[in-house]
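In: Would you be able to build a 3D model of this:
(3 chains)
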Amino acid sequence: MTTPPAEALRALRAQTPLVQCITNFVAMNFSANVLLAAGAAPAMIHCAEESGDFAGVVGALSINIGTLSPPWVDGMRAAIAGAQAAHTPWVLDPVGHFATPYRARVAQDLVDLRPTIIRGNASEILALAGEASDGRGVDASDPVAAAEGAARALAARTGGTVAITGAVDFVTDGARALRIHGGHPLMPRVTATGCALSSLVAAFAAVTEDPFDAATAALTLFAAAGQRAGPCAAGPGSFAPAFLDALYLARPEDLDWIERHAA
Amino acid sequence: MTTPPAEALRALRAQTPLVQCITNFVAMNFSANVLLAAGAAPAMIHCAEESGDFAGVVGALSINIGTLSPPWVDGMRAAIAGAQAAHTPWVLDPVGHFATPYRARVAQDLVDLRPTIIRGNASEILALAGEASDGRGVDASDPVAAAEGAARALAARTGGTVAITGAVDFVTDGARALRIHGGHPLMPRVTATGCALSSLVAAFAAVTEDPFDAATAALTLFAAAGQRAGPCAAGPGSFAPAFLDALYLARPEDLDWIERHAA
Amino acid sequence: MTTPPAEALRALRAQTPLVQCITNFVAMNFSANVLLAAGAAPAMIHCAEESGDFAGVVGALSINIGTLSPPWVDGMRAAIAGAQAAHTPWVLDPVGHFATPYRARVAQDLVDLRPTIIRGNASEILALAGEASDGRGVDASDPVAAAEGAARALAARTGGTVAITGAVDFVTDGARALRIHGGHPLMPRVTATGCALSSLVAAFAAVTEDPFDAATAALTLFAAAGQRAGPCAAGPGSFAPAFLDALYLARPEDLDWIERHAA
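Out: Prediction:
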């Protein structure tokens, strides 16, 4: 690993990278607050009239298909083209892409554009790789372990990094693979936690050479913040602000204590 | 009553129903968090290209006209058609429909589609039934009691259940009627509380036979959670997370302590 | 000054003005909660089919270009026309207008419509007045003091009031100018704080004669609430609810303690 998570967090705080997030309406506010708490600078510029221009000046781009519509897909395509022209890394979060034919089509089209990093839950990664899943809506019904093969296949197809998040996270670029422990059971009870994580992956991609390191750093920071926030929370309502505080208060050296194993 | 609130909450937690919410931009995040805290699974799929397909596979559909535009109305119509084809219950929240001619027209068109349940404040229900109201924007200036007749008339017109929420809530299906006490004065100081309640009504409609029971269960859970969160809050800022925690921590038997009277 | 901040806050609470906010997706929920906590009544009606009608009945209009698209610009234009026809004050927040050519053009077009009040950070005000800025995205890289001349020039051009917010705020109507101290360093770490402030400026414009007094009152209330919330917060996550509580709990006489100096 070129850049360990602690070093990546130091770089994030030092550089405050500008991250363009074209994300869903549910996740907009929380994603922006996650990026600000961690140390990045979010901007949610989305329409085709400006998304491509803006993608040319940001540190990274995050695309999330949670609340799709044709004009937003146009904005996503323009932004991806702008990012690719500028050799800027971009992240795809294929939220519940198996829920409708329209969404499945859009997700596959975006995968064909070869995202630098894909982050999803196990059901999303399984379905994206063309394997059977138990997923029904936008939540994950499948265990992460069941999707590790699908993640490796997807990484081979895109040439990028693929991360699956759940009770134990998994990240691979085809060649290397890691499992990351930590987090808290209340995390899936706060909406847009996964979506915000995808935007944070993009933020780290703006400050690291290697997308595999970026995904690892973001997952590690989330695992550490979840672990710290959990004991402070009575339920998901108090968990969310405690989690944002934990992202803000996390010291780089805290990330060295999060369990990671080669897979 | 076939399914008392406590039993409905047990069913909600056991089944985690998938609820499609086509709601306003202000309410999206809070509504999703309310559903997750209570035990349901929200998905905010809205555009006409996929909203009808998705409505065919969810447990219930919630429609809220808070931030309208023509493409969103198309998405609502497609979703309602999909829900009706699948005999799936759907809820209408006619937010501030009297505020403009456009909004009033859309609301009446949606009422003509005979929602399973309508939930609004007193001003909204009065105006929807064609009676004079003091309402000016999206807030309620009229007392709930003044709108009980309008709610009964509206239930007769749609053949569905109508709920009015305020200091004391009222729910009727034309034949039966209940008043529900509880809640907290800070609730109207947190934006989208009413909108989120409409989505929760839909969640309960997914797990109960009788829409009247579904509305009663959702209003009762909200009343209980408001009562519990209120004393923990210094103002609306701390009320919101305490309220989400209270929804998450509510035990089914807590709902038996909420005052309900036949009306 | 005709209406000092304490008196303006009394008027806000007594009148609960209806404020139409056409704002970005990130800021919608927080802006609504800020207005409700302070004592105003928000409504986010945005599309051209109804935004002009609604602007004719509200107390003030707030326009924010954070997440632009052509249909939203149409809605903004219709609302501004409605507000101007009804002699209703309106506020412009030119979020990150220098980030793309599309956004810059829209911002200049809206400035040409002569907003009653413009509120931005130093980078936005500098660029709006045609001066060089260090701004890159939507955050402020320039100090407030560097933009005071630009604010005066912009006030002369529009005939309105211009407010710059930062560590020390500045407000001018060309003739008069004030610097306002207070707030807290965590405020820029909570997304949409500035956007919400613009909507609060509009709320005060609905209850004061003089736009300069309205801007001063809103900035003073924000400074007081930030000062009160800061010591209660461990980070940006706990700051946000504490800040909303502080807006709600602020007494008019608290505003007399906020440092203000003629500039």
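
In: in which helix or strand would I find residue A:30?
Out: Assigned by DSSP states H and E, residue A:30 belongs to helix A:28-38.

In: Give me the neighbour count for residue A:114.
Out: A total of 15 residues lie near residue A:114 under the criterion other C-beta atoms under 10 Å in any protein chain shown. Just so you know, the C-beta spots here come from the backbone N, C-alpha and C atoms, and that holds for glycine as well.

In: which residues sit in contact with the nearest residue in space to it that is not next to it in sequence?
Out: Distance criterion C-beta to C-beta, 6 or more residues apart in numbering or on different chains; nearest residue to residue A:114, sequence neighbours excluded, is residue A:158 at 4.8 Å. Neighbouring residues of residue A:158 by C-beta atoms under 8 Å, 6 or more residues apart in numbering or on different chains: A:111, A:114, A:115, A:118.

In: for the helix or strand harbouring the last one, packing partners?
Out: With the criterion set as DSSP H and E, the secondary-structure element containing residue A:118 is strand A:117-120. Under the contact criterion of 3 or more C-beta pairs under 8 Å, 6 or more residues apart in numbering or on different chains; DSSP states H and E, strand A:117-120 touches strand A:90-93, helix A:122-128, strand A:161-164, helix A:193-205, helix A:211-229.

In: between the ones you listed, which one is nearest to chain B?
Out: Proximity to chain B (C-beta to the nearest C-beta) singles out helix A:193-205 among the helices and strands packed on strand A:117-120, at 9.9 Å.

In: Determine whether any part of the closest one lies close to chain C.
Out: No: Helix A:193-205 stays clear of chain C (C-beta under 8 Å from any C-beta of the partner chain), getting no nearer than 11.4 Å.

In: elements contacting that helix?
Out: Against helix A:193-205 (3+ C-beta pairs under 8 Å, 6+ apart) you get helix A:5-15, strand A:18-22, helix A:28-38, strand A:60-64, strand A:90-93, strand A:117-120, helix A:211-229.

In: And the helix holding residue A:30, how far out from the chain middle?
Out: 13 Å (C-alpha atoms, centre = their mean, to the nearest Å).

In: Can you list the strands that the very next helix or strand once past it pairs with?
Out: Counting by DSSP H and E, the next helix or strand C-terminal to helix A:28-38 is strand A:41-43. According to DSSP bridges, strand A:41-43 has the following sheet partners: strand A:18-22 (parallel).

In: Only alpha carbons, please: show the partner strand as CSV.
Out: Output of strand A:18-22 as CSV, limited to C-alpha atoms (Å, rounded to 0.1, in the frame of the first residue of the first chain):
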residue,chain,number,x,y,z
LEU,A,18,-13.1,20.0,-3.8
VAL,A,19,-15.4,17.1,-4.5
GLN,A,20,-18.3,17.2,-6.9
CYS,A,21,-21.2,15.0,-5.8
ILE,A,22,-24.1,14.3,-8.2
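
In: Quick one: work out the angle between it and strand A:60-64.
Out: 20 degrees (axes from the mean of the first three to the mean of the last three C-alpha atoms, to 10 degrees).

In: about what we covered before: can you lay out the helices and strands packed on helix A:193-205 as a markdown table showing mean neighbour count, distance to residue B:172 and mean pLDDT?
Out: Output for these, formatted as a markdown table (neighbours: other C-beta atoms under 10 Å in any protein chain shown; distance: least, C-beta to C-beta, whole Å; pLDDT from 0 to 100):
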| stretch | mean neighbour count | distance to residue B:172 | mean pLDDT |
| --- | --- | --- | --- |
| helix A:5-15 | 20 | 55 | 98 |
| strand A:18-22 | 28 | 44 | 98 |
| helix A:28-38 | 28 | 36 | 98 |
| strand A:60-64 | 30 | 41 | 98 |
| strand A:90-93 | 31 | 43 | 98 |
| strand A:117-120 | 30 | 44 | 98 |
| helix A:211-229 | 27 | 43 | 98 |
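
In: now for those, which one comes closest to residue A:49?
Out: strand A:18-22 (13.2 Å; C-beta to C-beta).

In: I'd like to know how many residues surround the residue in the stretch 101-250 of chain A that chain C sits nearest to.
Out: Residue nearest to chain C within the stretch 101-250 of chain A (C-beta to the nearest C-beta): residue A:244, separated by 2.8 Å. By other C-beta under 10 Å, the residues close to residue A:244 number 28.

In: Excluding sequence neighbours, find me the nearest residue to residue A:127.
Out: In space, residue A:127 is closest to residue A:98, 4.1 Å off (C-beta to C-beta, 6+ apart).

In: Write out the residues of the stretch 151-263 of chain A neighbouring chain B.
Out: Close to chain B, as judged by C-beta under 8 Å from any C-beta, the stretch 151-263 of chain A has residues A:188-192, A:233-238, A:240-241.

In: if we go to 7 Å?
Out: Within the stretch 151-263 of chain A, the residues that sit near chain B (C-beta under 7 Å from any C-beta of the partner chain) are A:189, A:190, A:191, A:192, A:234, A:235, A:236, A:237, A:238, A:240, A:241.

In: Go ahead and list the helix or strand containing the fifth one.
Out: Using DSSP H and E, residue A:234 is not contained in any helix or strand.

In: separation between the closest residue to residue A:192 other than its chain neighbours and residue B:197?
Out: Spatially, and ignoring its direct neighbours in sequence, residue A:192 is nearest to residue A:27 (3.7 Å; C-beta to C-beta, 6+ apart). Applying C-beta to C-beta, to the nearest Å, the value for residue A:27 to residue B:197 is 22 Å.

In: which of those two has more neighbours?
Out: Neighbours were tallied for residue A:27 and for residue B:197 using other C-beta under 10 Å; the higher tally belongs to residue A:27 (31 against 25).
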